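In: Have a look at this prediction, sequence included:
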Amino acid sequence: MSPRALFVAVFIGLSLLPLAAQADASFTIVGQNDLRYSKDHLRVAPGESVTIKLVNKSHLPASAMAHNWVLLKHSADPGAFDDAAQSAPANDYFPQARADQTIAHTGMVAGGESDTVTFTAPEEPGDYIYICTFPGHFAAGMKGVLTVQ
Ligand SMILES: [Cu+2]
């Protein structure tokens, strides 16, 4: 590569960096003892790279107050998915047999801990539901909507 071609390549690369940075969406969501996500509505662009950091700020033991974040496909029934999750305590309440109904999920996070997941937003615009599958939490309202538009 000639010095001039190298210069042009580097220039183009640098000029694309801000675009790449803008194309990423990053959210920190906190769960505590109130069985709510601190953010119950997220907005992203189709095909965008999305990073979710779930932080559990509860001081209760993990057996009493852990949280996860599970983003469901449109094909999934949230209630049925949550029912199935209750049968999977050994897998942190994530029903592996229904993994194909999810777009992304974090691990189950105990108080004082966090987990991060990065995924590609669906290309199909619409509202996608996310839920916490720790026993009782979804039923109590620990859910939210990720809007792709
Ligand atoms: Cu929870």
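Out: Structure's in. What do you need?

In: Secondary structure element for the closest residue to residue 110 other than its chain neighbours, which one?
Out: By the measure of CB to CB, 6 or more residues apart in numbering, the closest residue to residue 110 outside its immediate chain neighbours is residue 62, 3.5 Å from it. (Each C-beta comes from the backbone N, C-alpha and C, glycine too.) Per DSSP states H and E: residue 62 is located in neither a helix nor a strand.

In: Residue 62 contacts residue 111, doesn't it?
Out: Yes: judged on CB atoms under 8 Å, residue 62 makes contact with residue 111 at a distance of 6.7 Å.

In: what about this protein, any weak spots by pLDDT?
Out: Where the chain drops to pLDDT under 70, the residues are 1-23.

In: Residues of it that sit close to the ion?
Out: Within the chain, the positions adjacent to the ion are 67, 132, 134, 137, 142 by CB under 5 Å from the ion.

In: Pull out the buried members of those residues.
Out: In the residues of the chain next to the ion, burial by neighbour count holds for 67, 132, 134, 137, 142, counting by 16 or more other CB atoms under 10 Å.

In: What ranges does the protein have for its strands?
Out: Counting by DSSP state E, the chain forms strands over residues 24-31, 41-44, 49-56, 70-72, 102-105, 114-120, 126-131, 143-148, given from the N-terminal end onward.

In: which strands and helices sit next to the first one?
Out: Read it as strand 24-31. The elements that strand 24-31 packs onto, with contact taken as 3 or more CB pairs under 8 Å, 6 or more residues apart in numbering; DSSP states H and E, are strand 41-44, strand 49-56.

In: Kindly report the same for the last one.
Out: In terms of contacts (3+ CB pairs under 8 Å, 6+ apart), strand 143-148 is packed against strand 41-44, strand 126-131.
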